[in-house]
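S.K.: Dropping the sequence and predicted coords here.
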Amino acid sequence: VASVFRLAGRGVGIAVHAVGQACLSLDRLITPRRAIAVVAMAAAGLLVASQFIDYRATEIGQPGYVAVESITSAPRVEQMTPTDAHSFLLLAAGLVALAAAVLSLFGSRRQAGIALAAVGGLTIIVALAIDLPKALDVTDAELSYAGVKAILLSGFWLELGAGAVLAVTGLATLIGAGSAPERAKRTTRTRGTPVGSRA
């Protein structure tokens, strides 16, 4: 029994040591700069993908399906993707954001942050000022169908969410770019201060 406990203790010790080493390696690998860049890349990819997903539709005869909505839903017509509303504007913006996210790792963080924040802001404006009004407009459908109701689909929320994340990561990148030179100045000042002198 004692031997079993000793072996178990050694096993636990080895496991804890391995976990500690893994955490140290991850701490060196996953820096805030890299984490923000990865999030920005994911958001840019989602923005591009959202342009090919239906963002609105019109349900017809909707009041007649209220009693059976748990079984079936009203038929949908006039389904549209975001590109139908604003052409390929945000598709191009998403590609720019993807390039800016990569640039934030290897180039100027300030320029990358500005680009990310600009794309995020543009996406939010387009989604709320262009896509949303067009999505809720059922004027044409009311001429052909009864019980018309406009609904927002996943493409709209994915587009809006991606824009918000890009705006936040852009601001975070700008804040990081602004604080890095200041940290460098403080480090240089500290190293240059003679021993025994008052800072």
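M.R.: Sure, I can see it. Numbering: from 1, shown residues only.

S.K.: Quick check: phi and psi on Ser108?
M.R.: Main-chain dihedrals, Ser108, degrees, to the nearest 10: phi -70, psi 120.

S.K.: and the residue positioned nearest the centre of the chain, helix, strand or coil?
M.R.: Ranked by distance to the mean C-alpha position of the chain (Cα atoms, centre = their mean), the top residue is Ala43 at 3.2 Å. At Ala43 the chain is in helix, as set by DSSP: H, G, I helix; E, B strand; the rest coil.

S.K.: who's in contact with it?
M.R.: 97, 162, 165-166, 169 (Cβ atoms under 8 Å, 6 or more residues apart in numbering). To be clear about C-beta, it is placed using only N, CA and C from the backbone, and glycine gets the same treatment.

S.K.: what residue ranges in this structure score low on pLDDT?
M.R.: Applying pLDDT under 70 to the chain flags residues 1, 17, 20-29, 61-74, 178-199.

S.K.: Show me the strands in it, by range?
M.R.: Using DSSP state E, the strands assigned to the chain run over residues 56-59, 76-80, 149-152.

S.K.: Those strands: which one's closest to Ala2?
M.R.: With respect to Ala2, and counting by Cβ to Cβ, the nearest of those is strand 149-152 at 66.9 Å.

S.K.: Now do the buried residues in that closest one.
M.R.: Buried positions in strand 149-152, judged by neighbour count with 16 or more other Cβ atoms under 10 Å: 149, 151-152.

S.K.: check contacts around the nearest residue to Ala162 once chain neighbours are set aside.
M.R.: Closest residue to Ala162 apart from its sequence neighbours, by Cβ to Cβ, 6 or more residues apart in numbering: Leu47 at 3.9 Å. Listed by Cβ under 8 Å, 6+ apart, the contact set of Leu47 reads 90, 93-94, 97, 119, 123, 159, 162-163, 166.
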